[in-house]
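Novice: fold the following and give me the result.
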Amino acid sequence: YQASYRVDKTGGTLSSGSDSGKTSLSYEVTSAAQSISVTAVPQDGYVFVKWSDGVTKRTRTDTNFDQNVDVTAVFAAASIQVSSSGKAGLGDSYTFKATLKGKYLDASSIRWYVNGTEVTQAAGKTTVKGEVDPSMVGGTFRVYATASYNDCTVTSNKLELTVSGGT
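Specialist: Purely as a prediction, here's the structure:
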C-alpha cells in the first residue's frame, strides 16, 4: 500500500521522523503492522484545522493498513492583534484590546501575558482594563496575548507600557 500526506495550499508543513518542513510525504507500506506518524505543523499566523478525512489531531498515526491512505492537512489563517489606550501615570487607567482574525479563533481561547507571566484573571477576555497603582510606578511592562485552536497557538504583537510617577 501507499501512504500519502499533503498540505492543502499554504499555511504549514508536515513532519515525520527525520523528515520535516515538507509539503508532501509518501511512504510505501510493506506490512499491515507498519505504523506511520505524521504531524501537521502550522506556520506563524496559521492554525491546523483538520486532515481531509476528518481527523482533527495534528499528529496522526496510521496503522493496520488494508488500503492506501491519501490525506491532506488543512490550515487556516489566524491572528491576534493587541492595542492599548489610556495613560500610564499613577492613578490613570489603561485598556488593552485584542482583535482576533480568522474564523477558527474565538475569545474563549485568549490568554494575556505581562512580562512573560500569564494574567489568569484576564483569560477569555477581548478587553482588559486596569488602573496604575503605586506598585507599578517606574516599571516597564511588556504585554501580549495568545489565542489557540486545535492545539495551535498564535501570538500577538507585543506592547510596552512604561509607568511614570507623579499625579
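Novice: burial measure for residue 103, as a count.
Specialist: Residue 103: 11 surrounding residues under other Cβ atoms under 10 Å. In this view, the C-beta of every residue, glycine as well, is placed from N, C-alpha and C.
Novice: A strand includes it, no?
Specialist: No: under DSSP: H, G, I helix; E, B strand; the rest coil, residue 103 falls outside any strand and is assigned coil.
Novice: I'd say it and residue 77 touch.
Specialist: No: using Cβ atoms under 8 Å, residue 103 is not in contact with residue 77, being 9.2 Å away.
Novice: what pLDDT is listed against the nearest residue to residue 1 once chain neighbours are set aside?
Specialist: With sequence-adjacent residues excluded and distances taken as Cβ to Cβ, 6 or more residues apart in numbering, residue 1 is closest to residue 29, at 4.0 Å. Note for residue 29: predicted pLDDT of 94.
Novice: same check on the one 4 residues further on?
Specialist: In the predicted model, residue 33 carries a pLDDT score of 83.
Novice: for it, give me phi and psi.
Specialist: Here the main-chain torsion angles of residue 33 (degrees, to the nearest 10) amount to phi -80, psi -10.
Novice: quick one: contacts for it?
Specialist: 63, 64 (Cβ atoms under 8 Å, 6 or more residues apart in numbering).
Novice: ok, it to residue 142 distance?
Specialist: 51 Å (Cβ to Cβ, to the nearest Å).
Novice: now do residue 26
Specialist: 44 Å.
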